[in-house]
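K.L.:
Here's a sequence, model it:
(one chain, ligands or ions: 1)
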Amino acid sequence: MNCNIAVIKGDGIGPEVVTEAMKVLDAVGKKYGHTFNYEQLLMGGCSIDKYGEPLTDETVAIAKTKDAVLLGSIGGNTQTSPWYKLPPNKRPEAGLLKIRKELGLFANLRPAYLYPELKEACPLKESVAERGFDMMIMRELTGGLYFGDRYTKEVDGVMTAVDTLTYNENEIRRIAVKGFDIAMKRRKKVTLVDKANVLDSSRLWRKVTEEVAKDYPEVTYETMLVDNAAMQLVKDPAQFDVMLTENMFGDILSDEASMITGSIGMLSSASLNETKFGLYEPSGGSAPDIAGQNIANPIATILSAAMMLKFTFDLDKEADAIENAVKKVLEEGYRTIDIAKPGEPQVKCDEMGTLIAERV
Ligand code: NAD
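P.N.:
Now for the predicted structure:
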């Protein structure tokens with residue numbers, strides 16, 4: 001297969017970790033007979049330095065001609081970097097918001113998987129961590145409270161703020177379909193998280209998702225109220241496979257799920273639109289504190305590349321090869337600085353990339 005990928009290395013540790021993900025993709029290409037064509041583009045601080053803005057229209061236009069975007073991370077030290085003296089719409093993060101919007105990325109996927117080798121980093125009780133967990137948080141990204149009308153005004157002499165939570169059935173259906181499609185590639189269970197005992201929007205989510213569920217008889221479908229879901233995530237995370245939810249609930253629950261895995265350097269993510277197109281990036285930021293030292297953990301970005309193989313290119317076997325290679329290096333005891341226990345030997349970012357590429 002010929003795969004055309006826009007590569008945005010970005011700022012901070014971005015170039016270091018993306019280079020390792022490309023190394024692993026090339027190893028997959030060699031073994032399974034695929035060609036990965038990369039076109040490198042700028043976004044974030046590096047784009048501000050070169051073009052005066054965090055994401056140019058030309059860059060967006062090129063990205064749209066590709067099958068997928070592989071992104072590192074963008075941004076710098078928010079206290080000291082001159083990028084943060086610019087108005088908000090000219091700062092690095094504005095590039096990220098613009099590309100998500102321009103590419104219509106409405107479904108955000110964040111896997112939370114506990115590697116048995118790293119379970120000591122899990123902040124949950126040993127009896128819970130022992131059972132492990134492997135879930136996919138699927139968050140709606142372009143609707144709901146964060147995009148509804150909002151205003152603050154004085155009503156009868158009292159300052160009053162209003163935020164509007166709006167979803168239409170089409171917005172719900174398109175992400176529900178994605179959620180069930182993805183469940184079919186996993187353990188075939190979908191949990192819709194909502195607040196249907198209170199919110200009309202949640203009741204519409206339930207109605208539409210139930211309709212979609214009928215087309216997937218193999219998938220076990222359940223609903224859970226968001227307050228209960230927040231508790232269940234720490235009590236019994238092993239019960240979840242795909243957790244489907246709206247924007248704000250997903251924002252909060254995906255961070256909670258990330259936290260219980262124990263390491264930000266291991267967490268991949270994908271943002272998808274209605275086609276097979278996706279943007280794949282690590283969940284962490286540009287880590288300016290460790291940038292340029294070749295010590296960042298590239299695994300989150302490498303696993304994001306595996307998600308790209310699975311969701312954009314339908315190369316499931318190849319994606320599994322990457323995930324298994326990651327498991328293997330961990331089993332063999334290789335650790336970067338963020339996942340090493342005190343006194344444990346550490347490998348550099350590029351060594352970790354090579355070790356994984358060799359095991360693909
Ligand atoms: P961060 O995720 O960059 O760093 C938090 C901590 O985690 C740091 O100690 C860092 O060293 C560590 N860390 C993160 N990724 C790591 C990795 N792969 N290996 C080892 N350690 C890792 O968050 P922050 O410090 O709050 O933000 C730094 C910059 O990143 C800011 O400019 C922020 O706006 C930006 N940011 C960008 C994105 C993105 O590009 N999607 C996301 C979050 C933050």
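K.L.:
which residue ranges form the strands in the protein?
P.N.:
2-10, 35-41, 68-73, 107-113, 134-140, 150-155, 158-163, 189-194, 220-225, 242-245, 268-272, 278-282 (DSSP state E).
K.L.:
Would you reformat these as TSV and include distance to residue 295 and mean pLDDT?
P.N.:
(C-beta placed from N, C-alpha, C; glycine too.) Putting those into TSV (distance: least, Cβ to Cβ, whole Å; pLDDT from 0 to 100) gives the following:
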stretch	distance to residue 295	mean pLDDT
strand 2-10	17	98
strand 35-41	23	98
strand 68-73	15	98
strand 107-113	23	96
strand 134-140	28	97
strand 150-155	42	95
strand 158-163	41	96
strand 189-194	36	98
strand 220-225	39	98
strand 242-245	33	98
strand 268-272	19	96
strand 278-282	15	97
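K.L.:
Now for the nearest residue to residue 197 once chain neighbours are set aside, how many residues are close by?
P.N.:
Nearest residue to residue 197, sequence neighbours excluded (Cβ to Cβ, 6 or more residues apart in numbering): residue 225, at 6.3 Å. Using other Cβ atoms under 10 Å, residue 225 has 16 other residues around it.
K.L.:
ok, residue 225 touching residue 192?
P.N.:
No: using Cβ atoms under 8 Å, residue 225 and residue 192 do not qualify as a contacting pair, with a distance of 10.2 Å.
K.L.:
check contacts around the residue of the stretch 51-200 of the chain found nearest the ligand.
P.N.:
Per Cβ to the nearest ligand atom, residue 75 is where the stretch 51-200 of the chain lies closest to the ligand, at 2.5 Å. By Cβ atoms under 8 Å, 6 or more residues apart in numbering, the residues touching residue 75 are 11-12, 44-45, 81, 83, 91-93, 285-286, 288.
K.L.:
can we see that at 6 Å?
P.N.:
11, 92, 286 (Cβ atoms under 6 Å, 6 or more residues apart in numbering).
K.L.:
Please tell me how far the first one sits from the ligand.
P.N.:
Counting by Cβ to the nearest ligand atom, to the nearest Å, the gap from residue 11 to the ligand is 8 Å.
K.L.:
Just the pLDDT for that residue.
P.N.:
Listed pLDDT for residue 11 reads 98.
K.L.:
Please state the backbone phi and psi of the residue of the stretch 51-200 of the chain closest to the ligand?
P.N.:
With angles defined as degrees, to the nearest 10, residue 75 sits at phi 110, psi 170.
K.L.:
Number of residues surrounding the residue nearest to residue 174 when sequence neighbours are not counted?
P.N.:
In space, and not counting its chain neighbours, residue 174 is closest to residue 274: 6.0 Å by Cβ to Cβ, 6+ apart. Number of residues near residue 274 (other Cβ under 10 Å) recorded here: 13.
K.L.:
thinking residue 166 is in contact with residue 150, fair?
P.N.:
No: if you go by Cβ atoms under 6 Å, residue 166 and residue 150 don't touch, sitting 11.2 Å apart.
K.L.:
where exactly do the helices run in the stretch 51-200 of the chain?
P.N.:
Remark: helices assigned in the stretch 51-200 of the chain by DSSP state H, counting those that start in this stretch are 57-64, 92-102, 126-131, 169-184, 200-213.
K.L.:
Let me know the average pLDDT across the last one.
P.N.:
For helix 200-213, mean pLDDT rounds to 98.
K.L.:
Same question for the third one.
P.N.:
This predicted structure assigns helix 126-131 an average pLDDT of 93.
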